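Engineer: Kindly generate the corresponding structure for this input.
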Amino acid sequence: MKNRIIKFGKWAEKNWLSLVIVLGVTMMIFLYFVMISWLIGYWANALYGMHFELSSCLAGIGASITGLGGVIGLGKACWTKYGYDSRYNTPAGTMPKVPETAVKTANTVEKVVSKLKG
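Structural biologist: The predicted structure follows:
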């Protein structure tokens, strides 16, 4: 289990930008479907008197856009950290040292899993 966590962590470090892009696209698809449902509700309210609460449209779209902005902001923060770490914190051509907390976390998870298994 420890090796799987470490392997996943290394994969996620290499592909973090792809993960942020996939998450952003997923949120955009969700936002698209939600906006379509609100558009249908808006027209159903106007044409058929369905009593659809129009204020939920604005509140929901605002919340979705806020969430999407958070994901994009996270991606930008990671990109900036990566750029500064690459330029100033390590010599050219060498990988940064793996934080000790990552190793400790992996060891803790491994111990918990082994206790749960028996």
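Engineer: quick one: residue 65 and residue 31 touch, right?
Structural biologist: Yes: counting by C-beta atoms under 8 Å, residue 65 touches residue 31, with 7.3 Å between them. To be clear about C-beta, it is placed using only N, CA and C from the backbone, and glycine gets the same treatment.
Engineer: Report the mean per-residue pLDDT for stretch 6-20.
Structural biologist: What stretch 6-20 shows for mean pLDDT is 82.
Engineer: Can you give me the buried ones in it?
Structural biologist: 6, 20 (16 or more other C-beta atoms under 10 Å).
Engineer: what does it rub up against?
Structural biologist: 71-72, 74-75, 78-79, 102, 106 (C-beta atoms under 8 Å, 6 or more residues apart in numbering).
Engineer: Return the distance of the longest helix belonging to the chain from the chain's centre.
Structural biologist: Longest helix of the chain, by residue count under DSSP state H: helix 16-48. Taking C-alpha atoms, centre = their mean, to the nearest Å, one finds helix 16-48 lying 17 Å from the centre of the chain it belongs to.
Engineer: still on that earlier bit, can you redo the contacts of stretch 6-20 as CSV with neighbour count and secondary structure?
Structural biologist: Below are those laid out as CSV (neighbours: other C-beta atoms under 10 Å; DSSP: H, G, I helix; E, B strand; the rest coil):
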residue, neighbour count, secondary structure
71, 17, helix
72, 15, helix
74, 14, helix
75, 17, helix
78, 14, helix
79, 13, helix
102, 14, helix
106, 18, helix
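Engineer: Perfect, that will be all.
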